[in-house]
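Visitor: fold the following.
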Amino acid sequence: MKKFIGAMIFAALAAGMLFAKGKGNTANGKKVIYGIYKAGDQTWFIDEGEAAKKTAEAAGYEFIYVDAKMNPEEYLKAIDNAIANKAAGIVTCIPDQTMSIAVVDRVKAANIPIVAADDALEDNGKKLAPWVGINAYVIGQANGE
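Guide: Prediction:
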C-alpha cells in the first residue's frame, strides 16, 4: 500500500513539475523534493516518506524528509526552507487546515508544485492542490468492527 501511495504522490508531483518552473538543485546537482509531514515521528508518515524517497531517488531526485512535530511554526519554517532551496516539488501533510491557503499561495508564488498527502490542502472543502489521500472514516470504521 505504501509503495502505491508513494508512486501516486510522485506521479502527481511529477505532473505538477511539468508545468512549474521549480528547478531545485542541491550541492550535488540533483533536484530535490521535500516531504514535509505534520507528525513525521509516526509510523504512517515514516513509511510514507520512505516510499516517496525510494520513488524520488529512482527518478533521480534527492528527497528531504521533514518532521513538523504538529507545530505550525515548524511547518512554515520547513515550507520556507523548501522555497529558499528552490525545491523541485513538495509533498506535504499539513498540521492545521486553516493554513492551507497561505501555504499554497507561498509555494505557487515560488513556482514550486505541491501535492497534499493524507490531509488535503483545502478551503471550505475546495481542494487547493492535488491530493493523494485515504478515507480515514472508512478505515476507522473497519478497525472499530
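Visitor: return the distance of the spatially most central residue of the chain relative to residue 66.
Guide: Of all residues in the chain, the one closest to the mean position by CA atoms, centre = their mean is residue 91, 1.4 Å from it. Distance of residue 91 to residue 66, computed by CB to CB, to the nearest Å: 10 Å. Quick note: C-beta positions are derived from backbone N, CA and C, even for glycine.
Visitor: show me where this protein has its helices.
Guide: 2-19, 43-58, 72-84, 100-109, 136-144 (DSSP state H).
Visitor: check residue 92 and give its pLDDT.
Guide: On pLDDT, residue 92 comes in at 95.
Visitor: what about the residue lying closest to it once chain neighbours are set aside, how many residues close to it?
Guide: With sequence-adjacent residues excluded and distances taken as CB to CB, 6 or more residues apart in numbering, residue 92 is closest to residue 36, at 4.5 Å. By the criterion of other CB atoms under 10 Å, residue 36 has 29 neighbours.
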